[in-house]
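1. Fold the following.
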Amino acid sequence: MNRVTQLVIGLLAITLAIGAGIYGRNVYLKEVSTYQVPVPVTALPAYTVLSADMFQMRDMPRAMESLPYYQSIDTLAGKISTVPLPSGLPVPQANVVPVAEFRLADASFEVLSIPVDPVSAVGGQVRIGERINLYQVIPAPTDAQTADPTKDPGSFQINPIAEKVQVVDVRSAQGAAAETSQQETKSNSFGSGQQVEQVQILTLAVEPGQVKTILDSVATAKKQGGLLWTSLAIP
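-> Now for the predicted structure:
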């Protein structure tokens with residue numbers, strides 16, 4: 001083997017060694033080296049409003065830097081957990097959201113659920129995000145001595161209860177997510193056999209001063225046989 005051949009082999013060996021070193025360093029930085037992410041100091045229950053003192057920084061593999069986890073304590077403070085958060089583990093972004101987003105309404109509003117019949121909820125067509133008007137339908141007072149309920153069904157009073165109330169959720173009587181018949185038609189067109197739940201619970205974001213009026217109307221409907229009726233508000 002002459003000197004030229006030895007020199008070429010030596011240069012190739014050096015090049016390969018340098019390349020292997022660079023590759024190994026990159027793998028180390030990507031897989032082995034660490035960086036710090038916030039983790040709960042103790043296990044936190046669901047629906048906890050988070051503060052900075054609930055977390056500490058902990059070393060984690062740098063490969064997690066590109067994954068959907070919270071990267072700093074500041075970004076967690078003031079948010080709310082939607083599921084229990086184990087201690088010592090990174091916090092997935094999907095499990096912690098802003099309070100307003102979790103409530104689906106401005107924090108100054110109360111979130112209230114009321115029972116409805118599909119027929120009184122615009123035929124079950126009320127959707128999340130829409131605004132509705134609420135009416136109380138009750139029998140009008142009659143003269144008990146002259147009124148004959150078998151001959152005269154009597155008249156009714158229709159009282160406005162609340163206007164342009166925001167709908168933040170719709171559920172079936174069992175609490176399952178409800179869908180409208182339009183969504184049912186769409187799903188059936190794709191051959192879906194999933195059962196569609198009827199809207200029987202409306203969850204509303206209301207001003208605190210309206211809560212008592214709405215609950216009084218619900219109680220009156222149950223006690224006196226009246227109705228709580230819903231219409232879509234004019235945009």
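2. Do a quick rundown of the helices in this protein.
-> Counting by DSSP state H, the segments of the chain that form helices are 3-27, 99-103, 181-189, 208-224.
3. what about residue 120, how many neighbours?
-> 19 (other CB atoms under 10 Å). (Each C-beta comes from the backbone N, C-alpha and C, glycine too.)
4. Find me the pLDDT at the spatially closest residue to it that is not a sequence neighbour, would you?
-> Nearest non-adjacent residue to residue 120, counting by CB to CB, 6 or more residues apart in numbering: residue 229, 4.9 Å away. Note on residue 229: pLDDT of 91.
5. Residue 118 now?
-> So, for residue 118, pLDDT stands at 88.
6. any idea how far residue 199 is from it?
-> Applying CB to CB, to the nearest Å, the value for residue 118 to residue 199 is 6 Å.
7. Kindly check the end-to-end length of stretch 96-105 for me.
-> 16 Å (CA to CA, to the nearest Å).
8. about what we covered before: lowest average confidence across the helices of the chain, which one?
-> Sorting these by mean pLDDT places helix 181-189 lowest, at a mean of 44.
9. Which residues are in contact with the residue nearest to the spatial centre of the chain?
-> With distances taken as CA atoms, centre = their mean, residue 102 lies nearest the centre of the chain, 5.4 Å away. Contacts for residue 102 were tallied using CB atoms under 8 Å, 6 or more residues apart in numbering; they are 80, 82.
10. how far away is it from residue 82?
-> 6 Å.
11. Check the nearest residue to residue 205 once chain neighbours are set aside and give its pLDDT.
-> The shortest distance from residue 205 to any non-neighbouring residue, by CB to CB, 6+ apart, is to residue 105 (3.2 Å). As predicted, residue 105 sits at a pLDDT of 75.
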